[in-house]
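>>> Sequence first, predicted model second:
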Amino acid sequence: MKGVERYAGFTPIDLVDRTWPAQRIRTAPRWLSTDLRDGNQSLANPMTPERKLMMFELLVDMGFKEIEVGFPVASRSDHDFVRMLIEQDRIPDDVRITVLTQAREELIKETLDCLDGAPRAMIHIYNATCPLFRDVVFGIDRDSCKKMAVAATQVMMDHAQRRLPGTDLSYQYSPELFNETEPDFSLEVCEAVMDAWQTGPGRGIILNFPTTVERSLPNVFADQIEWLDRNLTRREHVCLSVHPHNDRGTGVASAELALLAGAERVEGCLFGNGERAGNVCLVTLGMNMYSHGIDPGLDFTDISTIRRTVELCNQLPVHPRHPYGGDLVYTAFSGSHQDAIKKGFDEMERQAARLEVPSAQLPWRVPYLPVDPKDVGRTYEAIVRVNSQSGKGGVAYVMSAWHGLNLPRGLQADLAAKVQAHADAMGGEVSPSLMGTLFAQEYLHHGDLAETSAWQAPITASLHVDGDFDHTGPQADTFRTLGALLGPWGIQVRVVHRTGRSLDHEELAPGRRLLGGAKRAETVIYAECALGDEVAWGVGIDADIATAAFLAVRAAGVRLVRESDTSRAAVGAAAGH
Ligand SMILES: CC(=O)SCCNC(=O)CCNC(=O)[C@H](O)C(C)(C)COP(=O)(O)OP(=O)(O)OC[C@H]1O[C@@H](n2cnc3c(N)ncnc32)[C@H](O)[C@@H]1OP(=O)(O)O
Ligand SMILES: CC(C)C(=O)C(=O)O
Ligand SMILES: [Mg+2]
């Protein structure tokens, strides 16, 4: 591509004996949400006070204990929001708010003044340390850059001592553009800041390392973090924090590899809002942990509400494919995926029945779904959506989940062909209700009984009972009787199978009904009737099992005769009759 020569490759740090690749993430880190600061400062329309409060309350409800609530000197509204939280006593006892400021004396003082009356808080000071900023933005050398950070720390300590005696104030320092800073210089600045803060027992510090603009592979960032982890002094008094951005689309990977490399705290935003391509997405990070059996310490049990609130606060949509929270992430359209999902659910149910425990207590083993949608408050309704890419597995799923019918395999294939033809002809999706209509049109009885008189040859009918069926009980007697009844019509009842298991009406999702409004107390019977090489399916639903079977056979028989008439006519036409 033209212009590529303008960009230099990124030089990785030289850490040949890195240990992070062999590590595992075993516990959740400390989280800081910067939705109200980094997220807010990136919005075309920064949040109104109402939207800020809504976001703050969401974050508290989700379990965040550290929340960056703004950049008080940036604007009146940032300032007033912090004041409102403090004055209205809205900060829970176990939550610490953070405020950000540049390393500039006046701004630091004003920022601290804004915290007046807060029982506990954190001040976060930053200055860029990388060569590009030293040269282009500040016009200073390394030594002056370090002095900027140290002086800011000292101003902050002096002012806080005078103005905030009653506040439990903690301190966070960030070398902005850390990822583009020479490692030895980042270390030198952080050590100098720690000296100024008198870091030691009872005086911990958060050192926060941002990929302010993500420029390298995540493994390079991990090397940088491991290098710091090894070289920082007073390590036990340092909380090593990371603040990944997502310019290369690898913010989540950067955060995860940094955790392997020794990071203990992660800053980010819900659904990855933030400057340019965003801050690291805390929903994805937290749910990635959850899906590995690690409690994230954040509550995602109603992910749709979280998403809607974030969309409302930021006035930005969340992509339908956003991991864990997007509209489409628990939905399969393609046939083989749907088939595997259905088999996964069926197996979970079988296992639950065998072990006599609710399936929600079993280890999650459903293909194509990394987590149980119900664990994040999503339903199973949209898991399978049917279009021209779908096959019999998906059709069977919809018929079972939406209409309470467990179709036998042959009928699944038969219906899938009809649904496929419809989707091909009309384009788009076949909704569950449309599928129910197609099913009823095809397989429920619509013919005249008199048509059966046209049957010329013996028809064999294989019956499938939907749900429980006892081969030895009174139901089996009914079928024997039925066989005798249908015999004179030239119909031989061959085999009786069972499909699925009885579903209680209550097990269907709210608002759904069995096909035609049938109660599950009624029996559903599928008949597969064969006449020579022709096969047709019919369905009967009735409270009386014999009637259901009769209706099913009749529906199939009528279709069979019609179809064989049609094919005879077609053969005749082709033969010139
Ligand atoms: C990576 C990040 O997300 S950092 C956070 C960024 N967030 C924001 O900037 C939102 C809030 N910011 C603001 O409201 C304003 O920028 C303010 C109030 C902080 C400063 O406003 P102004 O004084 O008008 O300066 P301006 O906005 O143009 O910022 C540029 C100045 O800040 C200086 N500066 C930038 N970062 C820092 C820093 N960390 N420490 C000290 N000075 C800094 C620049 O050198 C420049 O100084 P100069 O005017 O002497 O050339
Ligand atoms: C203020 C700092 C931590 C920041 O937002 C960044 O460098 O991205
Ligand atoms: Mg940032």
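Looks like it arrived, so ask away. Ligands and ions are numbered 1, 2, ... in the order given.

>>> nearest residue to the residue of the stretch 401-550 of the chain found nearest ligand 2 other than its sequence neighbours?
Taking CB to the nearest ligand atom as the measure, the stretch 401-550 of the chain has residue 429 as its residue closest to ligand 2, at 41.7 Å. For the C-beta atoms, the positions are set from N, CA and C on the backbone; glycine is no exception. Nearest in space to residue 429, with sequence neighbours left out and distances taken as CB to CB, 6 or more residues apart in numbering, is residue 387 at 4.9 Å.

>>> Residue 338 too?
Spatial nearest neighbour of residue 338, excluding adjacent residues (CB to CB, 6+ apart): residue 394 at 3.2 Å.

>>> now for the one helix or strand the one you found maps to, which elements pack on it?
Here residue 394 sits within helix 392-403, counting by DSSP states H and E. If you count contacts as 3 or more CB pairs under 8 Å, 6 or more residues apart in numbering; DSSP states H and E, helix 392-403 packs onto helix 335-355, helix 409-426, helix 432-443.

>>> so where does residue 529 fall, helix or strand?
Of the helices and strands defined by DSSP H and E, residue 529 is found in strand 523-531.

>>> What pairs with that strand, parallel or antiparallel?
Sheet pairing for strand 523-531, assigned by DSSP bridges, gives strand 459-466 (antiparallel), strand 534-542 (antiparallel).

>>> and the next element down the chain from the shortest one?
Which is strand 459-466. Note on strand 459-466: by DSSP H and E, the next helix or strand toward the C-terminus is helix 474-486.

>>> Could you confirm whether stretch 24-44 reaches ligand 1?
Yes. Counting by CB under 6 Å from any ligand atom, ligand 1 has neighbours in stretch 24-44: 38, 41.

>>> Hmm, the residue nearest to residue 338 is touching residue 339, no?
Yes. If you go by CB atoms under 8 Å, residue 394 and residue 339 touch, sitting 7.1 Å apart.

>>> who has more neighbours, those two?
residue 394 (30 against 23; other CB atoms under 10 Å).

>>> Contacts only, for the residue nearest to residue 393 when sequence neighbours are not counted.
Counting by CB to CB, 6+ apart, the nearest residue to residue 393 once its immediate chain neighbours are dropped is residue 339, at 2.7 Å. The contact partners of residue 339, by CB atoms under 8 Å, 6 or more residues apart in numbering, come to 391-394.

>>> between those, which has the most around it?
Each of those was scored by neighbour count (other CB under 10 Å); the top score is that of residue 394, with 30 neighbours.

>>> which residues touch that residue?
Applying CB under 8 Å, 6+ apart, the residues contacting residue 394 are 332-333, 335, 338-339, 342, 384-386, 416.

>>> can you map out the strands along this protein?
Assignment of strands within the chain using DSSP state E yields the ranges 30-33, 66-70, 96-102, 120-128, 168-176, 205-211, 238-244, 265-268, 459-466, 491-499, 523-531, 534-542.

>>> which stretch among these comes nearest residue 147?
Nearest of the strands of the chain to residue 147, taken as CB to CB: strand 120-128 at 10.2 Å.

>>> May I have the phi/psi pair for the residue positioned nearest the centre of the chain?
Note on the chain: the residue nearest the mean C-alpha position is residue 324, at 1.1 Å, using CA atoms, centre = their mean. Backbone torsions for residue 324, taken as degrees, to the nearest 10, come to phi 70, psi -30.

>>> could you list every residue that touches it?
Applying CB under 8 Å, 6+ apart, we find residue 324 in contact with 283-284, 287, 300, 303, 371, 376.

>>> again, only using 10 Å
Residue 324 makes contact with 271, 281, 283-284, 286-288, 290-291, 300, 303, 306-307, 330, 370-371, 373, 376, 378, according to CB atoms under 10 Å, 6 or more residues apart in numbering.

>>> Buried ones only from those residues, please, as a PyMOL command.
PyMOL command restricting the contacts of residue 324 to the buried ones, with burial defined by 16 or more other CB atoms under 10 Å:
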select buried, resi 271+281+283+284+286+287+288+290+291+300+303+306+307+330+371+373+376+378
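
>>> The residue nearest to residue 393 and ligand 1: what is the separation?
According to CB to the nearest ligand atom, to the nearest Å, residue 339 stands 47 Å off from ligand 1.

>>> which intervals of the protein have sub-threshold pLDDT?
When the per-residue scores of the chain are filtered using pLDDT under 70, the ranges that remain are 446-457, 468-471, 475, 500-521, 564-577.

>>> Get me the contact residues on it for ligand 2.
Selection of the chain residues close to ligand 2 by CB under 6 Å from any ligand atom yields 38, 100, 126, 174, 176, 208, 210, 212, 243, 245.

>>> May I ask which of the residues you listed has the most neighbours?
Ranked by neighbour count (other CB under 10 Å), the residues of the chain next to ligand 2 have residue 243 at the top, with 29 neighbours.

>>> Quick check: that residue vs residue 399, distance?
Here the distance between residue 243 and residue 399 works out to 49 Å (CB to CB, to the nearest Å).

>>> and what of residue 194?
With distances defined as CB to CB, the gap from residue 194 to residue 399 amounts to 65 Å.

>>> just residue 528 next, same as before
With distances taken as CB to CB, residue 528 is found 16 Å from residue 399.

>>> How about residue 265?
If you go by CB to CB, the gap between residue 265 and residue 399 works out to 49 Å.

>>> Count residues in the vicinity of the closest residue to ligand 1 within the stretch 301-450 of the chain, would you?
Among residues of the stretch 301-450 of the chain, the one nearest ligand 1 by CB to the nearest ligand atom turns out to be residue 314. It sits 16.1 Å away. The burial count assigned to residue 314 is 25, neighbours taken as other CB under 10 Å.

>>> ok, and the closest non-adjacent residue to it?
If you skip the residues right next to it in sequence, residue 314 has residue 273 as its closest partner in space, 5.3 Å away by CB to CB, 6+ apart.

>>> my read: the one you found touches residue 279, true?
Yes. Contact status for residue 273 versus residue 279: in contact at 6.8 Å, counting by CB atoms under 10 Å.

>>> Comparing the two, which residue is more hemmed in?
Of the pair residue 273 and residue 279, residue 279 is the one with more neighbours under other CB under 10 Å, namely 30 against 23.

>>> can I assume that one is in contact with residue 36?
No. With contacts counted by CB under 10 Å, residue 279 stays clear of residue 36, the gap being 11.9 Å.

>>> Give me the common contacts of the two.
Between them, residue 279 and residue 36 share the contacting residues residue 269, judged by CB under 10 Å, 6+ apart.

>>> Output stretch 393-401 as CSV, restricted to C-alpha atoms.
As requested, the backbone C-alpha atoms of stretch 393-401 are provided in CSV (Å, rounded to 0.1, in the frame of the first residue of the first chain):
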residue,chain,number,x,y,z
GLY,A,393,-31.1,-28.9,13.4
GLY,A,394,-32.1,-25.3,13.5
VAL,A,395,-35.6,-26.0,12.4
ALA,A,396,-35.9,-28.7,15.0
TYR,A,397,-34.7,-26.3,17.7
VAL,A,398,-37.2,-23.7,16.8
MET,A,399,-40.0,-26.2,16.7
SER,A,400,-39.1,-27.5,20.1
ALA,A,401,-38.2,-24.3,21.8
